[in-house]
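Participant: Based on what follows, work out the 3D shape:
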Amino acid sequence: MAGVTFGMDALADLARGDGAALQGALAPLVVAYGDWSAGQRTAAAAPDIAGAAQRGRTAATLIAAQDDARARIAAGIALLADARVQMAFDIANRAVADAIRARRPGAAAPSWRPFQLAFILLNLSGMADRQHPDREVADLLFFPTGGGKTEAYLGLAAFTIALRRLGADGLLGAGVAVVMRYTLRLLTLDQLGRAAGLVCALELLRTGDAYRGDTGRPLLGDWPIEIGLWVGSDASPNRLGRKGDKTEGTAVKRVRAYTNGRDARATPHERGRARPDLDGGGGMARPITPGQHRDVLGRTRLRRGPRPVGAGRAAQGRDRARERPTRPPGPARPAFAGAARLTSGLHDVL
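Facilitator: Model prediction:
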C-alpha cells in the first residue's frame, strides 16, 4: 500500500517527533481504503446485485459501514495531534514490537498488516474520549486463525493502558484497563501468554529510561503494569484461607496439599528467562527482592532476567485482592464479589 508506514518501530519514532509527520505517514491509508470502498460501491451497482432486493440492501448496509469506518480511521489519525494520544501511540507500537521480538528472536522488523493498523486507528477516538459515540460500538475482527487478530487487539490494549497511565500521576493510573474473555478453554493459555508478553514489554518500558519525565519519574506511573487471571474456583481458589483454616478450596489448603509444585522455567518475556539462583547457599531462599519470585511457601527461588518484569509478580504468593493488575483475562464471566478479587484484583468498575 503505497505511502503508508506500517513498521512499528518507524511509527514509534515518528510519534516521538512532529505529529504532522506521523499523520502524513498514516493519511494514505484513508485514501487507499476509500479507493477500495469506491470499487465496492461500483460492484454493488451491477444488475445482479442492485436488481435483487435482499442483495441490494445488504450491499447498501456494507457500503455505509465502510464509509463509517473510513471516517473513524481519519478521525483517529487527526486525534494523533494530541500530545498524550501521540505518546500512547508511540508506547503501544514500541511495546508490541518488543513483545514480537521477544517471542520470535531474529524475525523481520515487526510491522502492522493494513487491517491491524486500521483497526487501531478507528478505535482511538473511542478510547481517548469517554463521551464518544464509539463507546457504544462493538467492532468484530473476523479473520481465520493466524490472520493477525491477536496483534490487532493487543495493539489497541497497549494504547489504552498507556493512555490511562499517561493521564494520571503516581498510582492513580493503576487498575484494570482491559478485560479479556475467552470462550474456549484451550485458547486461554495461548492468549494469556501472548498478553502477558505484551504486559512484560510495557513494564520494561515503564521501568526503562526512555519514558521518564523531567524529574525522572516513569511517565507510565509508579505502579507496575500487571496481568491477572480469573478462571473460576476449579482452577484458582476464591479464598486465601488462614492458619488453622481447614475449609476445602482455599489457597492455603491447596498449597499444603500439593507440596511438590513445578519449576517455573521461563517468564512470558524472552529477556526475562528464569534461571536457578545458584548463589543462595545450600538451596536456602533468601528474602525476595524486586526481580525475583518464589512459590507461596517460599521453597523455590528463581531470578529473572536483567530487569524485573511486573507480570512475574503474580508468582510471589501475595494477596492479589489488594493489587490491581492492568489486564485480568479469563474464560468465564468475572463475579463482582469480594472473593473473586483474590486473583483478578478487580478494584475498578468494569
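
Participant: Can you tell me how far the closest residue to Leu219 other than its chain neighbours is from Pro224?
Facilitator: Using CB to CB, 6 or more residues apart in numbering and skipping the chain neighbours, the partner closest in space to Leu219 is Tyr211 (4.5 Å). Placement of C-beta: from N, CA and C, glycine included. Separation of Tyr211 from Pro224 (CB to CB, to the nearest Å): 14 Å.

Participant: Test my guess that Leu124 contacts Phe159.
Facilitator: Yes. At 7.1 Å, Leu124 and Phe159 qualify as touching, with contact defined as CB atoms under 8 Å.

Participant: Can you check the distance spanned by stretch 126-146, start to finish?
Facilitator: For stretch 126-146, the first-to-last residue distance is 27 Å (CA to CA, to the nearest Å).

Participant: Low-confidence stretches in the stretch 51-200 of the chain?
Facilitator: By pLDDT under 70, the stretch 51-200 of the chain contains no weakly predicted segment.

Participant: tell me the helices in it, going along the chain?
Facilitator: 53-79, 83-103, 114-128, 149-166, 185-207 (DSSP state H, counting those that start in this stretch).

Participant: Any idea which of the ones you listed gets closest to Leu240?
Facilitator: helix 185-207 (21.9 Å; CB to CB).

Participant: who's more crowded, Leu124 and Phe159?
Facilitator: For Leu124 versus Phe159, neighbours defined as other CB atoms under 10 Å are more numerous around Leu124 (27 against 24).

Participant: Please report how far the more buried one lies from Gly148.
Facilitator: From Leu124 over to Gly148 the distance is 19 Å, taken as CB to CB.

Participant: Then Leu187?
Facilitator: Distance of Leu187 to Gly148, computed by CB to CB: 16 Å.

Participant: do the same with Leu140
Facilitator: 14 Å.

Participant: okay, the two: which has more neighbours?
Facilitator: Gly148 (15 against 5).

Participant: ok so, going back, overlap in contacts, Leu124 and Phe159.
Facilitator: Jointly contacting Leu124 and Phe159 under the rule CB atoms under 8 Å, 6 or more residues apart in numbering are Phe89.

Participant: Looking at the helices of the stretch 51-200 of the chain, spot the one closest to Ala25.
Facilitator: helix 53-79 (9.5 Å).

Participant: now the closest one, how far from the chain's geometric center?
Facilitator: Computed by CA atoms, centre = their mean, to the nearest Å, the chain-centroid distance of helix 53-79 equals 27 Å.
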